[in-house]
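Asks: predicted model, plus sequence, below.
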Amino acid sequence: MGADHIAGEKRNGRLKTRRWLFAIIGFMVAALVLPTSACQETVIPYRFTFGSASASSTHYQAAVFMANIIARENPDIKISVVESGATHDNLTKAQAGKLDGGFAVTWDGMAMAYAGTTLGEYVGHGPWEELRMMPGYVHNYVYVVVVDEVDDDGVRIETLNDLDGRRFSAGIAGSVTEFNIRRQLEAVGVEPDWVSASQADIVNMAKELEIVGFARAVTRIGLDSSMLDVQSVRDIRILGWPEEYLGAALLATPGTSAAWIAEDAIEGLIPHDGFYTLGHTTGIFLTTDIPQSVVYRMVKAYVDGWDEYARAWPTAADWVPLETDLELLTEITKLVEMPPLHAGVVQLMIERGYDVPAGLIGPEYQGDDVPGNNDE
């Protein structure tokens, strides 16, 4: 065998060895990299955290369903819904940068935060000029729920006046229900011994007779899970507002309204006469930090999917997104200044042919259809 042949064999052997070595190294690198890549979460450029209410509330369920519709139609947007103390808790946490938006009542919440008035936290923050509104939510009925039992003093709570001086919760700590009920009862001269707590603690205290009752906002005429929980241990009743009290109560909380609940309309409650209850409208807020184009897509997704949303949450069936919002805001702005609609909302409304009042359009809106933009 010649020297040249032997040298060639050696070279071929070295080449084969290198090929195998490279193959082994490549396999090892792939084995290390692929599992890591597979475990990495898909990059979603737009991630937001929204506050809702307590997990036992229908508002929480509605928020999750709405977030799912938005994410389904916009894979690059993810909204994480978190449990909270509702309106005022959501707004103050958003001011502190802990939330990107959430549910809040219109006047007795958004308007106060926007102007920097009424609550100490809003006053301390000052006018919140970046606050904006989104469309579409629902009316709430606020029940004054009491345990229907004689207490140690031989008293059964039968009217709002009977709450005077007795331990009573106006609603979840930090919620707009608590905010409103305190002012409404004080406006008619009823001053309970106020108890502020979480919803779970409120329910337990009612079951243990540590409080005589509590206020609770519901989105339909019926009993929610917290009332049914108390009712599993104690009989309950709902106190109506005397007609002569309505004027003073509503004056104390502009933007709220009264509704008549017909006789025996509340399924699961002991037979009852018709009565007045007070209520408020819940909306959705965020800020100018979220771009117009992103909010436009978010709003378009759930506005176009409203029928699906209403099938899952029938309370929403009476709400016509965009149209009902403008009707409601037109009335509320006669009483108090409201934050503008988010620019993405304005874009969709104008695109759909709605006439948006100039006062509800913020300066950041990008479009040719802003009142005054086309003036010569």
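Replies: Looks like it arrived, so ask away.
Asks: check which residues of stretch 167-179 are buried.
Replies: By 16 or more other C-beta atoms under 10 Å, the buried positions in stretch 167-179 come out as 168-179. (Glycine included, C-beta is placed from N, CA and C.)
Asks: avg pLDDT for it?
Replies: The pLDDT scores in stretch 167-179 average 90.
Asks: how far does that stretch sit from its chain's centre?
Replies: Relative to its parent chain, stretch 167-179 has a centroid offset of 17 Å by C-alpha atoms, centre = their mean, to the nearest Å.
Asks: which other residues reach it?
Replies: 53-54, 85-89, 92, 104-105, 108-109, 119, 140, 142, 180-182, 185, 192-199, 202, 205, 210-217, 280 (C-beta atoms under 8 Å, 6 or more residues apart in numbering).
Asks: from those, list the buried ones, please.
Replies: Members of the contacts of stretch 167-179 classed as buried by 16+ other C-beta under 10 Å are 53-54, 85-89, 92, 104-105, 108-109, 119, 140, 142, 180-182, 185, 192, 195, 197, 199, 202, 205, 211-217, 280.
Asks: and the buried residues of stretch 167-179, which of them are in helices?
Replies: Per DSSP state H, helices hold the following members of those: 176-179.
Asks: in the protein, mark out all the helices, start to finish.
Replies: 3-39, 58-73, 87-95, 112-115, 120-125, 176-187, 199-207, 225-231, 243-252, 292-304, 306-312, 323-332, 343-351.
Asks: which one of those lies nearest to His272?
Replies: helix 225-231 (13.2 Å; C-beta to C-beta).
Asks: who's in contact with Lys300?
Replies: Shown in contact with Lys300 (C-beta under 8 Å, 6+ apart): 73, 348.
Asks: how near is it to Thr49?
Replies: 21 Å (C-beta to C-beta, to the nearest Å).
Asks: spatially nearest residue to Ser54, not counting backbone neighbours?
Replies: Distance criterion C-beta to C-beta, 6 or more residues apart in numbering; nearest residue to Ser54, sequence neighbours excluded, is Gln199 at 4.3 Å.
Asks: go on, Ala249?
Replies: Ala249 sits nearest to Gln184 (C-beta to C-beta, 6+ apart), 4.0 Å away.
Asks: distance of that neighbour from Val142?
Replies: Distance from Gln184 to Val142, by C-beta to C-beta: 9 Å.
Asks: ok, now Phe214?
Replies: Per C-beta to C-beta, Phe214 is found 11 Å from Val142.
Asks: same check on Asp152?
Replies: Asp152 is 28 Å from Val142, by C-beta to C-beta.
Asks: nearest to Met134 among the ones in helices among the buried residues of stretch 167-179?
Replies: Val176 (17.1 Å).
Asks: from Thr219, how far out is that closest one?
Replies: Val176 is 14 Å from Thr219, by C-beta to C-beta.
Asks: cool, Arg234 as well?
Replies: 24 Å.
Asks: with neighbour numbers in mind, choose between these two.
Replies: The neighbour count for Arg234 versus Thr219, taken as other C-beta atoms under 10 Å, is higher for Thr219 (21 against 14).
Asks: put the alpha carbons of stretch 318-326 into PDB.
Replies: The C-alpha coordinates for stretch 318-326 follow below in PDB (Å, rounded to 0.1, in the frame of the first residue of the first chain):
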ATOM      1  CA  ASP A 318     -80.400  45.400  27.600                       C
ATOM      2  CA  TRP A 319     -77.200  47.300  26.900                       C
ATOM      3  CA  VAL A 320     -76.500  48.400  23.400                       C
ATOM      4  CA  PRO A 321     -72.700  49.200  23.300                       C
ATOM      5  CA  LEU A 322     -71.800  52.600  22.100                       C
ATOM      6  CA  GLU A 323     -75.400  53.700  21.800                       C
ATOM      7  CA  THR A 324     -76.400  53.200  25.400                       C
ATOM      8  CA  ASP A 325     -73.100  54.600  26.600                       C
ATOM      9  CA  LEU A 326     -73.600  57.900  24.700                       C
END
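Asks: buried stuff in that stretch?
Replies: Neighbour-count burial for stretch 318-326 flags 319, 321-322, 324-326 (criterion: 16+ other C-beta under 10 Å).
Asks: nearest the geometric middle of the chain, what residue?
Replies: With distances taken as C-alpha atoms, centre = their mean, Phe103 lies nearest the centre of the chain, 2.4 Å away.
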